[in-house]
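**Student:** Got a sequence here, can you model it:
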Amino acid sequence: MANRLFFKSALISTILSYLLIFVGGLVRVSGSGLGCPDWPKCFGRWIPPTNIDQIPIHIDPTAFNIVLAWIEYGNRMLGVIVGFSIIIMTFIAVLYFRNNSKILYSALLSLFLVGTNGGLGAIVVSSVLNPFIVSLHMILALFLVSVLSFGTIESYKLLNPIKLSNIVLSRKISISLIALWGLIVVEILLGTGIRTNIELIAIDNPLFSKGELLNALNSYKYLHSILGFSLLFLSMYLCYLFKNDFLGLSKQLVYFIFGMILFQIFLGELMIFFELPQLTRLFHTWGSSWLVGIIIILYNTLQYEQS
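**Tutor:** Alright, predicted model coming up:
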């Protein structure tokens, strides 16, 4: 009963956290980061205003945009829901899993990360979208979904104590998966940094074309592509290492990782050369964030197989 209860709460928390990353990306591509110029309230109200007459006199009314305000407000409310979901998950872990260090510590760490990142969200607003703070906000979100994915697969294994893969967690596989996870996190941050720099350059040079904006990045613009192809080759190597998995789960996950990286490279190159909708960039980042959780799940199924 307790195993199933924790698994459901961990799975819900993980799904909600990924949804929060998606909505956070929507805030970014829509320019809603300062849709609510104050925190925790929005234009001095707990519920955003619906017309300009509801804005307090001490706040500049020209900053009000009802669509941007409600997008940012929705992001904050979803963050609150994620926080409560993780609190419930942690309560279950403390109550029933004190002797299971993996589940207990993953729950406690998730609670710490969601609380820290919630507070960091306030700093993002007060710093007027400082690029470093925004990047740190993203890093903590990626750490959070990784820890939640770990706790979810751990509880799943308690419910289903069966072999998930016949592949043994060798040193080669372990190092490759850890490197892949770390490089994907770096790749996401590089992409975020490139976009931030382009936006800052565009503010100072409003007449620049897209090509001129990219050229202004100098060699920095190539790092993202080089790292992307490095990830592709590393995932191809993992496909080779997992070719003898006759149970299929780990092989399917590795092939999915390879396919997702290949698709992300293709999408990224299209974004460079063509004027694609802003939502394309949103799905580009969100799809990459799924990889960090999938790698944790893959790694943990192999840990279980070896133990």
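**Student:** okay, now the domains of this protein?
**Tutor:** Domain ranges of the chain: 1-161, 166-307, per automatic domain parsing.
**Student:** what's the most buried one of those?
**Tutor:** Neighbour counts (mean count of other C-beta atoms under 10 Å) averaged over each of the domains of the chain peak at domain 1-161, with a mean of 18. (Each C-beta comes from the backbone N, C-alpha and C, glycine too.)
**Student:** hang on, residue 33 in a helix?
**Tutor:** No. The assignment for residue 33, made by DSSP: H, G, I helix; E, B strand; the rest coil, is coil rather than a helix.
**Student:** was I right about it contacting residue 75?
**Tutor:** No. Between residue 33 and residue 75 there is no contact under C-beta atoms under 8 Å: 9.3 Å.
**Student:** Could you pick out the longest helix of this protein?
**Tutor:** helix 171-204 (DSSP state H).
**Student:** Sketch out the low-pLDDT regions of the stretch 201-307 of the chain for me.
**Tutor:** Within the stretch 201-307 of the chain, the segments meeting pLDDT under 70 span 203, 210-212, 214, 216-221, 245-248, 303-307.
**Student:** ok, 50 please
**Tutor:** By pLDDT under 50, the low-scoring segments of the stretch 201-307 of the chain are 304-307.
**Student:** the helices in it, which residues?
**Tutor:** Counting by DSSP state H, counting those that start in this stretch, the stretch 201-307 of the chain has helices at residues 210-215, 220-241, 249-273, 278-306.
**Student:** got a markdown table for the ones you listed, with distance to residue 141 too?
**Tutor:** Shown next, in a markdown table, are the helices of the stretch 201-307 of the chain (distance: least, C-beta to C-beta, whole Å):
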| stretch | distance to residue 141 |
| --- | --- |
| helix 210-215 | 27 |
| helix 220-241 | 19 |
| helix 249-273 | 18 |
| helix 278-306 | 8 |
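**Student:** For the longest helix of the chain, name the packing helices and strands.
**Tutor:** On a contact count with 3 or more C-beta pairs under 8 Å, 6 or more residues apart in numbering; DSSP states H and E, helix 171-204 meets helix 131-159, helix 210-215, helix 220-241, helix 278-306.
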